[in-house]
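Asks: The following comprises the amino acid sequence and a computationally predicted model.
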Amino acid sequence: MSLAWRTEGQGPAPGRFAEQHRRDLEDEAMTRLLPPAFRGSAPEGARRRTIGRLSLLLFPLGCALAALAIGQDANYDLLNYHYYIAYAFLHDRLPVDVYTAQLQSLLNPFLDLPIYFLINHTPPRVEAAVVGAIQGINLVLVYAIARRIAPSRVVAVAAAVAAGVAGGFASEIGNSMGDTLVSIPLLIGVLCALRAIELTGAPSTPAPAGAWSGSPSAEGAVGTPRRVELLWWAAAGCAAGLGAGLKFSELPVAIGIVLGAAAVRGTVPARVRRLVAGAAGAIAGALATSGYWSWYLWRNYDDPIAFTQASFGIFHSPYVPRGSLGTSKFGPKSLAEAVVYPVYWVLHPLGVAEVRFRELSMPLAYVLAAVLVILSCARAGRRLVRARAGREQWRDVHGGAARPDAHADADRYLVALFAVTLAVWMKVFDIYRYIIPLELISPVVVYAAARRLLALLPSGSARRATAARAFVPGFVAVCAICAASAYPGNYWQRAPFGSRFFSLATPAVLDNGRVDAVAEVGGQPMGFLFPQLPARVIAIGGIGNLLTPANRALAHRALDRVRADHGDVDVAFVDVPARPGLSTPRGTSRYLARLGAPRLVARACDVVRAEIGAGYQPVKFCRFGPAPPTR
């Protein structure tokens, strides 16, 4: 018998073996909270698994039906740039037009190409149903993520339902802004990370006889081979990079997916390896979806991320004035406000979003995570004091030699992902819809943080068992409250479905067979109009805040082409209600003069209907010519 144990009936000896025995007993009480993958349950029959997987199709189907019920997408960003930048990329319009969609003309168009195809080649109802069904894949992924850490399908379904009706996600069903589309690869990244954690704690072949605990050969006795784990971490980073490359505003979520690996227990070299693998995968994924476009911007605008307008002080493009968009009205204004920000927006949603919404799982996850971090720090501090006093081994404090605990590591990873993403988002991007992927997994984060808090209970088996029995029903009740109280706002502007998505007749003032320049004035979104006009028309956006010398040269070059073909200079603006005669917005002539067309006045105007689904808005096109001589 080992000297580490007393004689039979006396229990374990003091020291780290007694501490390990106590943990084993506590873990037995927590077994019912573990998913089948971690507690070794018997596999289900193939027929039952098939039925369960097919039932997951109800999530995409439900989102498709919801998109049809809400109506045709007519949001500001679609009318301004989402449709136009895909058209400009496919028809090489950026060298011809001049910031038709303002600075957003330089955004990565790859995310919008499928939407552009659906709008042009399918009926509007089909487009809405397809987009809604694709967005429903998010809920399938939320279910899969929950199943990685949750004990039953009831918990996973509750988490997926709460995510599906959350204010941010529900408001974008059938919508083309992309936040609920790039969330798919980001959630796949979370799923890959959880798989890596599961493999890290999975049993493997026994260590060779005589291998000491620090040798490389002993590493396989605890988990899967190192290279397999790192491949999964690289896959997680790659999926995150794919999403962030498609839409740069999702960068905080990608950073959280990569840096969350540091919260998984292990030695310092092991944690560094995970971070390096995740970061390498993220770079590869981002290059796959944004590498070409960044190279294009670098070649033509001297800035690979010109669309950010700030470029983080690294690049200084002559085409992009610094800070011309102004300061965001969102985001915390002080450190004290940042500390309570996720709770603040429950009462003041317009302080973080363009439309009103309500969603409770993210603030709840934030509160639970904050309490968990405070208690964990306090507990670690007490153990550190005991270790220095010689009453506890140092390795028990930092956990480097502790046995793998995959479910605890998965919980820690999700909480760390949540905290890192939220911190980076508040610092860099502060609009709520940019963290919809975080909103989607917030119910799962609630579960993970609550389970870690339950594990911190300093009680005996009776209290722990009681808490374990009430845990799942309590979580389902919380999800029900979050779902019942969710409010999605105004669905980002919708229109009744029509036979065509967009329709615009060619105005009479442009029907001259020559190259014309059409300048946008008035501040309304009009990027979607120009793909409906003849290809010879040169579009000039409302670039009053972008008129650097380099951009002014672009406008002069466009006007030179018009003069060489003896064409006209026109303006287009939304006119509700349509004003008769030659009336134009105030300052139009001065704006044209700034572009390089001085002393022009309106000569003829034509009002046409820009149809959006079954609705429309009148748009006035006015031809400008030289002012009459003054006597």
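Replies: Good, I have the coordinates. Numbers count the residues shown, from 1 in each chain.
Asks: which one's the longest helix in this structure?
Replies: As assigned by DSSP state H, the longest helix anywhere in the chain is helix 268-301.
Asks: quick one: buried residues of it?
Replies: 270-271, 273-286, 289-290, 293-294, 297, 301 (16 or more other CB atoms under 10 Å). The way it works is simple: take the backbone N, C-alpha and C, and place the C-beta from them, glycine included.
Asks: for stretch 490-499, same thing?
Replies: 491, 492, 493, 494, 495, 497, 498.
Asks: same thing with stretch 552-565?
Replies: 552, 554, 555, 558, 559, 562.
Asks: from these, which single one is nearest residue 529?
Replies: Residue 529 lies nearest to residue 558 out of the buried residues of stretch 552-565, by CB to CB, at 17.1 Å.
Asks: residues in contact with that closest one?
Replies: 96, 97, 98, 517, 538, 540 (CB atoms under 8 Å, 6 or more residues apart in numbering).
Asks: Can you classify residue 603 by secondary structure?
Replies: Assigned by DSSP: H, G, I helix; E, B strand; the rest coil, the conformation of residue 603 is strand.
Asks: Name the nearest residue to it, ignoring sequence neighbours.
Replies: residue 625 (4.3 Å; CB to CB, 6 or more residues apart in numbering).
Asks: Which strands and helices lie in contact with the helix or strand harbouring residue 231?
Replies: Assigned by DSSP states H and E, residue 231 falls within helix 226-246. With contacts taken as 3 or more CB pairs under 8 Å, 6 or more residues apart in numbering; DSSP states H and E, helix 226-246 sits against helix 183-200, helix 251-259, helix 268-301.
Asks: where in this protein is pLDDT low?
Replies: 1-45, 201-224, 309-313, 322-329, 389-405, 458-464, 466, 576-578, 629-631 (pLDDT under 70).
Asks: Checking residue 530 next. Helix, strand or coil?
Replies: helix.
Asks: Offset the numbering so it begins at 23, please.
Replies: Taking 23 as the first residue, the last one we looked at is residue 552.
Asks: what residues are up against the nearest residue to it once chain neighbours are set aside?
Replies: Once flanking residues are discounted, residue 552 sits nearest to residue 561: 4.4 Å by CB to CB, 6+ apart. Listed by CB under 8 Å, 6+ apart, the contact partners of residue 561 are 115, 119, 120, 122, 540, 542, 552, 555.
Asks: For the buried residues of stretch 574-587, give me a markdown table that also has distance to residue 95 and secondary structure.
Replies: Shown next, in a markdown table, are the buried residues of stretch 574-587 (distance: CB to CB, whole Å; DSSP: H, G, I helix; E, B strand; the rest coil):
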| residue | distance to residue 95 | secondary structure |
| --- | --- | --- |
| 574 | 35 | helix |
| 576 | 31 | helix |
| 577 | 31 | helix |
| 580 | 31 | helix |
| 581 | 34 | helix |
| 584 | 34 | helix |
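Asks: of these, closest to residue 195?
Replies: residue 576 (38.3 Å).
Asks: how near is residue 314 to residue 132?
Replies: Per CB to CB, to the nearest Å, residue 314 is found 8 Å from residue 132.
Asks: Then residue 193?
Replies: Look at residue 193 and residue 132: by CB to CB, they are 24 Å apart.
Asks: which residue ranges form the strands in the protein?
Replies: 94-95, 516-517, 524-526, 539-542, 560-562, 591-596, 622-634, 637-648 (DSSP state E).
Asks: out of residue 193 and residue 132, which sits in the more crowded spot?
Replies: residue 193 (28 against 17; other CB atoms under 10 Å).
Asks: Could you find the closest non-adjacent residue to the more buried one?
Replies: Per CB to CB, 6+ apart, closest to residue 193 is residue 510, 3.9 Å.
Asks: coming back round to it: okay if I get the strands of the chain as a markdown table plus distance to residue 127?
Replies: Formatted as a markdown table, those follow (distance: least, CB to CB, whole Å):
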| stretch | distance to residue 127 |
| --- | --- |
| strand 94-95 | 20 |
| strand 516-517 | 24 |
| strand 524-526 | 18 |
| strand 539-542 | 12 |
| strand 560-562 | 10 |
| strand 591-596 | 16 |
| strand 622-634 | 19 |
| strand 637-648 | 19 |
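Asks: Of all these, which one is nearest residue 615?
Replies: strand 622-634 (7.5 Å).
Asks: tell me the contacts of residue 109?
Replies: Taking CB under 8 Å, 6+ apart, one finds 115, 138, 552, 553 in contact with residue 109.
Asks: ok, those residues vs residue 391, which is closest?
Replies: Nearest to residue 391 among those, with distances taken as CB to CB, is residue 138, at 39.5 Å.
Asks: before we move on, the earlier item: would you mind measuring from the residue nearest to residue 552 to residue 124?
Replies: With CB to CB as the criterion, residue 561 and residue 124 are 11 Å apart.
Asks: In this structure residue 307 contacts residue 256, no?
Replies: No: under the criterion of CB atoms under 8 Å, residue 307 makes no contact with residue 256, lying 9.5 Å away.
Asks: I'd like to know how far the residue lying closest to residue 511 once chain neighbours are set aside sits from residue 356.
Replies: The shortest distance from residue 511 to any non-neighbouring residue, by CB to CB, 6+ apart, is to residue 377 (3.8 Å). Separation of residue 377 from residue 356 (CB to CB): 25 Å.
Asks: Repeat that for residue 532.
Replies: Residue 532 is 52 Å from residue 356, by CB to CB.
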